[in-house]
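Asker: got a structure for you, letters missing:
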């Protein structure tokens with residue numbers, strides 16, 4: 001069907017009481033993003049001309065959290081059922097084409113499944129997405145007539161014992177021509193146990209006027225699972241992460257254990273990338289060819305050049321790392337950091353808002369903050385840049401080929417000239433000249449006869 005004649009309505013007004021949370025249900029994170037965004041992504045892949053989202057409980061929080069200029073927000077002030085919810089969105093749509101109804105808490109439906117449903121509705125049919133399940137508890141049942149055609153959908157609360165035994169269930173996802181949907185919604189009543197206007201009652205209305213009802217099935221048995229509790233959210237999170245792990249494997253990435261990697265954003269990998277267990281990738285992460293990520297690492301909004309190794313228990317965020325670098329173990333790379341090719345950042349080293357030049361090293365127990373470090377620099381163990389004076393941050397400049405001994409304090413603002421050497425234990429408060437040894441000397445004293453204090457008995 002022509003994409004310009006499709007419109008999508010997403011129902012996202014539910015309170016989500018079983019989530020036991022102040023956060024609106026559709027804002028709960030899934031794969032690092034609010035759950036509703038996954039549904040919006042699915043809708044956008046169909047290129048609809050109109051996209052409406054029905055909100056209710058926590059509606060202001062939903063609209064303020066999500067930047068979605070292509071969305072028309074419809075408010076359902078009173079939750080009077082799914083049919084009533086769709087009614088709130090209809091005035092925001094164009095009176096033509098096909099309307100597809102989705103749910104903000106059903107985030108994994110495949111694009112192919114939705115296209116098949118929309119195509120069926122485009123042939124002047126009411127299109128339903130149904131599924132055969134082992135345990136149908138909580139679902140509306142698909143009731144068929146003697147010839148096997150869909151006759152109606154009955155909600156579980158209103159179903160007889162025989163109807164509750166039916167295993168073909170309604171997923172809630174439907175597509176219909178706008179004009180027919182509008183007419184059927186106008187005829188809904190709330191004559192049921194819940195006193196609500198059920199969207200599912202449009203099936204009986206279509207059958208009553210002999211309008212064709214088409215049934216489509218999902219491509220996988222789990223894609224129509226919804227979220228009503230933290231337990232269900234956790235289950236869908238695992239399914240989503242396994243989907244992402246399988247995609248990485250298919251692209252040639254080596255995963256030590258596909259069940260122990262979390263991609264909570266976008267992860268782009270080159271060839272021959274390997275990722276050990278319990279790694280988390282958030283935001284946008286790009287790994288070049290031959291990158292190795294050790295166990296228990298977290299990377300957030302990071303680019304890593306080819307051949308670089310991130311060793312275990314390292315945290316990198318909002319930074320870039322060059323090629324053939326060595327980071328960690330137990331390294332922390334903070335926002336605003338740029339590490340050039342062949343840089344070594346070792347165990348228990350923290351780097352923040354600094355640029356470190358090619359082949360420079362800080363291998364042990366150091367803090368480099370608000371610094372510009374040149375090429376071929378060696379920063380000794382225990383060295384820190386003292387960048388904060390209690391009110392403002394100041395910059396440290398370390399030029400090329402500088403050697404800094406252990407346990408040095410560089411009190412910013414300060415510049416260490418090219419080729420300089422700083423002796424161990426020095427506290428540098430003034431610029432150090434290039435090519436010279438700079439130390440802060442103290443006389444070593446031995447006190448004869450000194451005794452260690454003893455504990456009182």
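Answerer: Received the coordinates, thanks. Computed from a prediction, not measured in an experiment: that's the story for all the values here.

Asker: So residue 148 belongs to a strand, correct?
Answerer: No. Secondary structure of residue 148 (DSSP: H, G, I helix; E, B strand; the rest coil): coil, not part of a strand.

Asker: Okay, now the unreliable bits of the protein?
Answerer: Regions of the chain meeting the criterion pLDDT under 70 cover residues 1-4.

Asker: Which parts of the stretch 51-200 of the chain are helices?
Answerer: Per DSSP state H, counting those that start in this stretch, the stretch 51-200 of the chain carries helices over the ranges 59-65, 82-89, 111-122, 161-164, 178-186.

Asker: and residue 294, which of those is closest to it?
Answerer: Ranking these by proximity to residue 294 (Cβ to Cβ) places helix 59-65 first, at 34.0 Å. Backbone N, C-alpha and C define where each C-beta goes, glycine included.

Asker: returning to that earlier point: need the helices of the stretch 51-200 of the chain in JSON lines (columns: distance to residue 31 and mean neighbour count).
Answerer: Below are the helices of the stretch 51-200 of the chain laid out as JSON lines (distance: least, Cβ to Cβ, whole Å; neighbours: other Cβ atoms under 10 Å):
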{"stretch": "helix 59-65", "distance to residue 31": "16", "mean neighbour count": "16"}
{"stretch": "helix 82-89", "distance to residue 31": "26", "mean neighbour count": "23"}
{"stretch": "helix 111-122", "distance to residue 31": "16", "mean neighbour count": "20"}
{"stretch": "helix 161-164", "distance to residue 31": "34", "mean neighbour count": "11"}
{"stretch": "helix 178-186", "distance to residue 31": "31", "mean neighbour count": "17"}
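
Asker: now those helices as JSON lines including distance to residue 36?
Answerer: Converted to JSON lines, the helices of the stretch 51-200 of the chain look like this (distance: least, Cβ to Cβ, whole Å):
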{"stretch": "helix 59-65", "distance to residue 36": "7"}
{"stretch": "helix 82-89", "distance to residue 36": "14"}
{"stretch": "helix 111-122", "distance to residue 36": "16"}
{"stretch": "helix 161-164", "distance to residue 36": "31"}
{"stretch": "helix 178-186", "distance to residue 36": "22"}
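
Asker: Of all those helices, which one comes closest to residue 261?
Answerer: For residue 261, the closest of the helices of the stretch 51-200 of the chain is helix 111-122, at 23.9 Å, according to Cβ to Cβ.

Asker: what sits up against that closest one?
Answerer: With Cβ atoms under 8 Å, 6 or more residues apart in numbering as the contact definition, helix 111-122 has outside contacts at 1, 5-6, 42, 45-46, 98, 100, 102, 127-129, 173-177, 214, 216-219, 223.

Asker: Give me the distance between that helix and the centre of its chain.
Answerer: Offset of helix 111-122 from its chain centre (Cα atoms, centre = their mean, to the nearest Å): 27 Å.

Asker: One more: stretch 236-246?
Answerer: Distance, stretch centre to chain centre, for stretch 236-246: 12 Å (Cα atoms, centre = their mean).

Asker: likewise stretch 294-313?
Answerer: That offset, for stretch 294-313, works out to 18 Å (Cα atoms, centre = their mean).

Asker: returning to that earlier point: among the helices of the stretch 51-200 of the chain, which comes closest to residue 134?
Answerer: Nearest to residue 134, of all those, is helix 161-164, at 13.9 Å by Cβ to Cβ.

Asker: Now do that closest one: which elements does it pack against?
Answerer: Using 3 or more Cβ pairs under 8 Å, 6 or more residues apart in numbering; DSSP states H and E as the contact test, the elements touching helix 161-164 are strand 141-144.

Asker: Looking at the helices of the stretch 51-200 of the chain, which is nearest to residue 310?
Answerer: Proximity to residue 310 (Cβ to Cβ) singles out helix 59-65 among these, at 31.4 Å.

Asker: Distance from the closest one to the middle of the chain?
Answerer: Computed by Cα atoms, centre = their mean, the separation of helix 59-65 from the middle of its chain amounts to 18 Å.

Asker: Out of the helices of the stretch 51-200 of the chain, which gets nearest to residue 431?
Answerer: Each of the helices of the stretch 51-200 of the chain has some distance to residue 431 by Cβ to Cβ; the shortest is helix 59-65, at 48.5 Å.

Asker: on that earlier part again, residue 317 is nearest to which of the helices of the stretch 51-200 of the chain?
Answerer: Among these, helix 59-65 comes nearest to residue 317, with 21.4 Å by Cβ to Cβ.

Asker: any idea which element residue 236 lies in?
Answerer: For residue 236, the element it lies in under DSSP states H and E is helix 230-250.

Asker: what's the following helix or strand after that helix?
Answerer: As assigned by DSSP H and E, the chain's next helix or strand after helix 230-250 is strand 254-255.

Asker: List the neighbouring strands of that next one plus their orientation.
Answerer: Its sheet considered, strand 254-255 pairs with strand 274-275 (parallel) by DSSP bridges.

Asker: from the middle of its chain, how far away would the partner strand be?
Answerer: Here the centre of strand 274-275 is set off from its chain's centre by 20 Å, with Cα atoms, centre = their mean.

Asker: And for stretch 195-208?
Answerer: 37 Å.

Asker: What are the buried residues along it?
Answerer: By neighbour count on 16 or more other Cβ atoms under 10 Å, the buried set for stretch 195-208 is 196, 197, 198, 199, 200, 201, 202, 203, 204, 205, 206, 207.

Asker: from memory the first one sits against residue 84, does it?
Answerer: Read it as residue 196. Yes. With contacts defined as Cβ atoms under 8 Å, residue 196 counts as touching residue 84 at a distance of 7.0 Å.

Asker: which one among the buried residues of stretch 195-208 gets closest to residue 280?
Answerer: Set against residue 280, the nearest of the buried residues of stretch 195-208 by Cβ to Cβ is residue 199 (38.5 Å).
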